[in-house]
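Q: The following block contains a protein sequence and its predicted model.
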Amino acid sequence: MRSCFLHIGTNKTGTTSLQVAFHGFEDAHLVCPDLGRPNQSVPLVNAFHSHPEDYRVNRRGGVSPSAVRAERGAVRAQLAKAIAGTGKDILLTGEGLSNALPAADVAGMRDWLHPHFDRIRVIAYLREPRSLLPSLLQQRLRSDGQVLRDPGLSVGYRRRLGGWLAALPREAVDLVQFHPDHLQDGDLLTDFSRRLGVAPPPGPAVHRKTALSAKAFAVLYLYRHARGRVRGTAEVAANEAVVDWLKRFGTTPLGLGPDFTEALLAGPEAEDIAWAEAALGAPFTPRALPHGARRFTSEADILDQGAALAGALRDWLRRRFPNASWPEADTLTLMDQLFAEAARASRG
């Protein structure tokens, strides 16, 4: 029985580690086709989205519709060749399959794959919402400059998984809590490999993305709250540079206080969590906050902290960029100058 395994994330569940571990993987039973990068989200979404020119990654990158259409055909041809070239099981992996592919296109991808395989099997890990929320908030801020007033902050379990549960039989979708208590041998790579029916690949599999500290988060949040979201290709590049620099500002992890968290997870979010727990067949197992995390109690607390860090930010900037002149100024003025430095660097 030949299988196509679709690993679809979800957010903040070690997806990158698994993608790095299985990039170019092949053994006697399974192959992960090389689509040019460990994270196959962009090529797969471009191949199967009805309107890939609307995909956020393409819009942010300024990719032309004609280039997207060309990649669509090229990726489908590459996949068809990889599938026809072996009788082995196939692994495709990308969070974009859960967070960017509309339900109708999920069904379309299923129909495209179905003639080549005896079964299609989805593997999705789900992170507990109270530990997921700070990561989502930081991810939105880092990538798009979004703050709490902007729409879209959601754990989004149903949005990410509903299309796949509708398109495939329930037994074809493995939903797994991203928690040691629910992973085989308490290990993500071991759990994932066993679900694929292969031995874990050798070598290091852990790939941790560097998060912003609570300090860096607060100053960036204050800036975006005042100046607005990331707009345009040039600002995307400057924002990426600033975020990378700010990863070195402070070390205390980011956290959200319990009352703040529960307020953000009320209403529709609570309904979404209940839906996910029903799909899992069990309640989420809580995860502890990182040791020593700075727990913000409200948005006002974040903004106050960002403003109060002007002196610490100025001193850090003077050490980090000694050739620039950093004035005695408030946080917003310093961040304006930092973004100006990043814009000059990206142009030069």
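A: That came in fine, so what should we check first? Numbers count the residues shown, from 1 in each chain.
Q: What distance do you get for Gly73 to Ser66?
A: Separation of Gly73 from Ser66 (CB to CB, to the nearest Å): 11 Å. Just so you know, the C-beta spots here come from the backbone N, C-alpha and C atoms, and that holds for glycine as well.
Q: wait, Arg347
A: 26 Å.
Q: Give the buried residues for stretch 190-198.
A: By neighbour count with 16 or more other CB atoms under 10 Å, stretch 190-198 contains the buried residues Asp191, Phe192, Ser193, Leu196, Val198.
Q: Tell me how far that stretch lies from the chain's centre.
A: Computed by CA atoms, centre = their mean, to the nearest Å, the chain-centroid distance of stretch 190-198 equals 22 Å.
Q: pLDDT of that stretch, averaged?
A: In this model, stretch 190-198 carries a mean pLDDT of 97.
Q: what's that stretch in contact with?
A: For stretch 190-198, contacts defined as CB atoms under 8 Å, 6 or more residues apart in numbering pick out 5, 7, 18, 25, 27, 29-30, 89, 91, 123, 174, 176, 183-185, 199-201.
Q: Recalculate using a threshold of 7 Å.
A: Outside stretch 190-198, the residues that touch it by CB atoms under 7 Å, 6 or more residues apart in numbering are 5, 18, 27, 29-30, 91, 123, 174, 176, 183-184, 199-200.
Q: try stretch 31-43
A: By CB under 7 Å, 6+ apart, stretch 31-43 touches 16, 19-20, 22-25, 57, 71, 75, 78-79, 82, 86, 88, 90-96.
Q: how about 6 Å then?
A: 19-20, 22-25, 57, 75, 82, 86, 88, 91-96 (CB atoms under 6 Å, 6 or more residues apart in numbering).
Q: Sort out which of those are buried, if you could.
A: By 16+ other CB under 10 Å, those give 19-20, 22-23, 25, 75, 82, 88, 91-96 as buried.
Q: and of those, the nearest to Arg149?
A: Nearest to Arg149 out of the buried ones among the contacts of stretch 31-43 is Glu95 (CB to CB; 25.3 Å).
Q: Leaving out chain neighbours, which residue sits closest to that closest one?
A: Gly9 (3.6 Å; CB to CB, 6 or more residues apart in numbering).
Q: All the helices of the stretch 51-200 of the chain, in order from the start?
A: 56-60, 65-84, 96-99, 103-113, 129-144, 157-167, 188-196 (DSSP state H, counting those that start in this stretch).
Q: and those, which one's lowest on average pLDDT?
A: helix 56-60 (a mean of 86).
Q: Return the member of the buried ones among the contacts of stretch 31-43 nearest to Arg110.
A: Nearest member of the buried ones among the contacts of stretch 31-43 to Arg110, counting by CB to CB, is Leu92, at 12.2 Å.
Q: What separation is there between that closest one and Cys4?
A: From Leu92 to Cys4 the distance is 7 Å (CB to CB).
Q: Ok, Asn99 next?
A: Asn99 is 20 Å from Cys4, by CB to CB.
Q: likewise Gln305?
A: Distance from Gln305 to Cys4, by CB to CB: 48 Å.
Q: following the host helix or strand of Leu18, which helix or strand comes up?
A: Assessed by DSSP states H and E, Leu18 sits inside helix 15-22. Later in the chain than helix 15-22, the nearest helix or strand by DSSP H and E is strand 30-31.
Q: For the next helix or strand after that next one, C-alpha coordinates in CSV please.
A: Following strand 30-31 in sequence order, the next helix or strand is helix 41-48 (DSSP H and E). Extracted in CSV, the C-alpha atoms of helix 41-48 (Å, rounded to 0.1, in the frame of the first residue of the first chain):
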residue,chain,number,x,y,z
SER,A,41,5.2,25.6,2.0
VAL,A,42,5.9,28.1,-0.8
PRO,A,43,6.2,25.6,-3.7
LEU,A,44,3.3,23.5,-2.4
VAL,A,45,0.9,26.5,-1.9
ASN,A,46,1.9,27.9,-5.2
ALA,A,47,1.2,24.5,-6.9
PHE,A,48,-2.2,24.0,-5.4
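Q: Mind listing what's buried along helix 41-48?
A: Neighbour-count burial for helix 41-48 [16+ other CB under 10 Å]: Ser41, Val42, Pro43, Leu44, Val45, Asn46, Ala47, Phe48.
Q: The last one touches Ala104, doesn't it?
A: No: with contact defined as CB atoms under 6 Å, Phe48 does not reach Ala104; the gap is 10.4 Å.
Q: so where's this structure uncertain?
A: Along the chain, the model assigns pLDDT under 70 to residues 203-209, 348.
Q: need the contact list for Arg159.
A: No contacts exist for Arg159 under CB under 6 Å, 6+ apart.
Q: ok, Gly281 to Ala274 distance?
A: On the measure of CB to CB, Gly281 and Ala274 end up 13 Å apart.
Q: Neighbour count: the two, which is higher?
A: Between Gly281 and Ala274, Ala274 has the larger neighbour count (other CB atoms under 10 Å), namely 13 against 7.
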